[in-house]
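Colleague: Here is a sequence with its predicted model. Questions after.
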Amino acid sequence: MKDDLWVEKYRPQKISEVIGNEEAKGSFVEWLKSKRRRKKAILLYGPPGVGKTALVNAASKEFGFRIIEMNASDTRTEKAINKIAGPATSFVALDTFSAESKGNLLFLDEVDGVFGNEDRGGIGAIIKIIEKSQVPVIMAANNLELQKLRPLKKVCELIRFQQVRIPLIIVMLRRICAKEHVDAELEALERIAENSRGDVRSAINDLQSLAENRRILRLQDTLMLTFRNKDIGMHETLKGVFSAKSFAEAISLLNRSSADYDELLLSIGDNLPLRYSDPVELGSAYDLISRADVFRGRIATENWHLLRYFYNFLAEAVTVAPQSYRPFELIMPPIKIITLFWTKSRRITMENVCAKIGTRCHVSRSKAKQHIVPYVKAILQKHKSSPIGSWLKLEPEEVDYLIRVNKF
Amino acid sequence: MVVLNKKSFKLPYMDKEKFLLLLRLGLERNQSFYCIKSYNNIEKLIDTISNILNGEKIMFLQSCLICDKDFACSDCKYYELCATRDLPFQCVCPQCLKEKKPYAEYVENSDKRKAPPPE
C-alpha cells in the first residue's frame, strides 16, 4: 500500500532530486559536509511539503549517514529522547571507520510538535543532547515562531525552506506523468500546482487522485480540486493589508491571517505612522484602530461573533487612503513586545525586591511596590549602606537597581 | 530601474545603520557589489532594499535552473500567484518548462552544481 502512494514511489533518492529551495539545499549540504561545524545542530524550518524531510533522507543516503529518527508519532518525553538519542549521539559508531559509512545522524522531525503533557521536558532534553552530541543533529519544524522553540533557536543553525515555486512543481508533475504514462495537459498540471500553494507533497497526492488509472488528464478533470486555503503569517498579512487597494482586499487578507489578534492590532498601530504621512489620514486611522481595540476587549475570550467588527475596523484603518501607498520597512515585532523583552531582567529584579519587602512587611507585592519601594529607594539613595538594605535581605545588585530606577 | 540578480548587484550609498541592517539580514558585500548570502529574512530584505532605493523600480532577474539563462521574475505567468515572487533568484524559465524532459535536466544540472561528498 505504501509503495502505491506516488509520494513514496517518487521520494527523492539523491539531493539533486529534491526540487526547489536551492539555497537552503546548498547551505544544508555545506553544513553536513563541514568537519568543523560552528553549531552542532541544524534546524530546517518551513511550510509542510517543501522537502525538509526528503532532503535529510536523501543527503544521509548519499553521504552514507545512518539516520536515527524520532518523529511526531513517537512520544518525545525527556526520558524517551534520552533513551533513544542519548546512546546514538554520545558514541562514535564502529562502522564510521569504514569507507561506506559516516556514522550516525540524529534526525528529530516536527520538533514544533514536542509539547504538552505527553512530551514534558522534551525541548530541554533535546538541548542537552545537542550540547553533548558527537554526531550531527538535524531537526525540522513547520513553525519557528513558537515560544517554546526559542531556546532551540539559540543552539542551532537555522535554514529556512520556502514554498516551492509553481514552475518547479510542474516540472516534477510532468516527470511523474511521464513515468506513469499519463498524457496530461499543461493547463491541468498548472492548476494542480497553483492549487497546492507550494506544497509538493499535496500536489503529487492531488495528481495521483486525479490521474491514477487514467491515460489522459485534462483541465476539466482538475475542476473538482478544492482550493487549499492556507493561513498567512504576520509579515505577509501586514504587507498585504498595507498595500491593499480596497477595503474588500484588506478584509479578505485579515480573514485568512493566522496572526495573533493582539499582536496584529499592535503591529498595525505601530506601522501606521510609516504608512500615512498626512496627519489627517493618520488621525482617522488611529481612531479606527482605537475602535478595533474596543471590540478586541469586548471579544475577550468568548464573544467571537464580534470578531468581524474587529477585522472591519482594522481593514478600514489600513485603507483610509489606498492611493497613497508607498513601500516601507515594516516594524516587526510590535514595539510593546520588544520593550517587554528588553526590560524583562529589570522587571524580574523589581519583582524580587517587592517580594522581599512584602515578606518582611507582611504586605502584598503590589502594595510594597506602590507604598514602600519609593521610601526604601529614598533611604538607600541617601545612604547606600543603610541597615534597611540588609534588614530586607536585598542583594547588592538589587540595592544598585533601586537607587538607579526612576519608574516603578 | 535597478536590476538585482543572483551573482551580484549594486546599491546606492546608504548610511551606516542601513548598511549594518542589510548585513544582518543576509546581504554580503564584495568590494562595491552586493550579493545575497542568506534567504532566512527574505521579506525584510526586500523591504529594506526597496526602502533604500526610495521607490525606484526594481527588476528581479531569475536564473533558470535548467538552461542558466536570466529572465525577469515579473514576466512569469505565475507571478501573481507566486508566494516567493522576486526572491530567491532561481527558477525555471518558460522555455525550459515547455521542454520534453525538464526534470532530468534539472537533476543533471543540480548534480553539476553540487560539490563532492564529505571526506
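Modeller: Yep, that arrived.

Colleague: what's the distance between residue A:299 and chain B?
Modeller: Distance of residue A:299 to chain B, computed by C-beta to the nearest C-beta, to the nearest Å: 29 Å. From N, CA and C alone the C-beta is placed, and that goes for glycine too.

Colleague: Can you tell me the SS state at the residue in the stretch 151-300 of chain A that chain B sits nearest to?
Modeller: Residue of the stretch 151-300 of chain A nearest chain B, by C-beta to the nearest C-beta: residue A:175 (3.6 Å). Residue A:175 falls in the helix class when you classify it by DSSP: H, G, I helix; E, B strand; the rest coil.

Colleague: and the stretch 151-300 of chain A, which of its residues are near chain B?
Modeller: Residues of the stretch 151-300 of chain A lying close to chain B by C-beta under 8 Å from any C-beta of the partner chain are A:158-160, A:162-163, A:165-168, A:170-172, A:174-175, A:178, A:186, A:190, A:194, A:197-198, A:235-236, A:239.

Colleague: Please check those residues and keep the buried ones.
Modeller: Neighbour counting by 16 or more other C-beta atoms under 10 Å in any protein chain shown classes A:158-160, A:162-163, A:165-168, A:170-172, A:174-175, A:190, A:194, A:197-198, A:235-236, A:239 among these as buried.

Colleague: Restricted to strands, list those residues.
Modeller: A:158-160 (DSSP state E).

Colleague: Distance to residue A:35 for those - can I get that in TSV?
Modeller: Written out in TSV, the entries for those read as follows (distance: C-beta to C-beta, whole Å):
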residue	distance to residue A:35
A:158	21
A:159	19
A:160	24
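
Colleague: Setting aside sequence neighbours, what's the nearest residue to residue B:9?
Modeller: Closest residue in space to residue B:9, ignoring its immediate chain neighbours: residue B:34 at 5.8 Å, by C-beta to C-beta, 6 or more residues apart in numbering or on different chains.

Colleague: Can you pull up the most central residue in chain B?
Modeller: residue B:89 (2.4 Å; C-alpha atoms, centre = their mean).

Colleague: Which of the three states applies to the residue nearest to that one when sequence neighbours are not counted?
Modeller: Across the structure, with C-beta to C-beta, 6+ apart as the measure, the residue nearest residue B:89 apart from its sequence neighbours is residue B:6 (3.6 Å). In three-state terms, and counting by three-state DSSP, residue B:6 is coil.

Colleague: In this structure residue B:6 contacts residue B:61, no?
Modeller: Yes - using C-beta atoms under 8 Å, residue B:6 and residue B:61 qualify as a contacting pair, with a distance of 7.5 Å.

Colleague: any common contacting residues for those two?
Modeller: Counting by C-beta atoms under 8 Å, 6 or more residues apart in numbering or on different chains, the shared contacts of residue B:6 and residue B:61 are residue B:89.

Colleague: Low-confidence regions, the chain specifically.
Modeller: Chain wasn't specified; assuming chain A. Low-confidence regions of chain A, defined by pLDDT under 70, span residues A:1-3, A:37-38, A:71-102, A:114-122, A:226-231, A:408.

Colleague: look at chain B instead
Modeller: Within chain B, the set of residues satisfying pLDDT under 70 comprises B:114-119.

Colleague: Can you pull the residues of it lying near chain A?
Modeller: With C-beta under 8 Å from any C-beta as the criterion, chain B comes near chain A at residues B:38-40, B:42-44, B:47-48, B:50-51, B:55, B:65, B:76, B:78, B:81-84, B:88, B:90-92, B:94, B:97-98, B:101-104, B:106-108, B:110-111, B:113-115, B:117-119.

Colleague: Show me where chain B has its helices.
Modeller: Taking DSSP state H, the helices of chain B run over residues B:16-25, B:42-52, B:94-98, B:102-113.

Colleague: which of those is buried the deepest?
Modeller: Burial among the helices of chain B, expressed as mean neighbours by mean count of other C-beta atoms under 10 Å in any protein chain shown, is greatest for helix B:42-52, which shows a mean of 19.

Colleague: Distance check, residue A:312 against residue B:99.
Modeller: Distance of residue A:312 to residue B:99, computed by C-beta to C-beta, to the nearest Å: 49 Å.

Colleague: Let me see the domain layout of chain A.
Modeller: Residue ranges for the domains of chain A, per automatic domain parsing: A:2-160, A:166-224, A:234-335, A:344-404.
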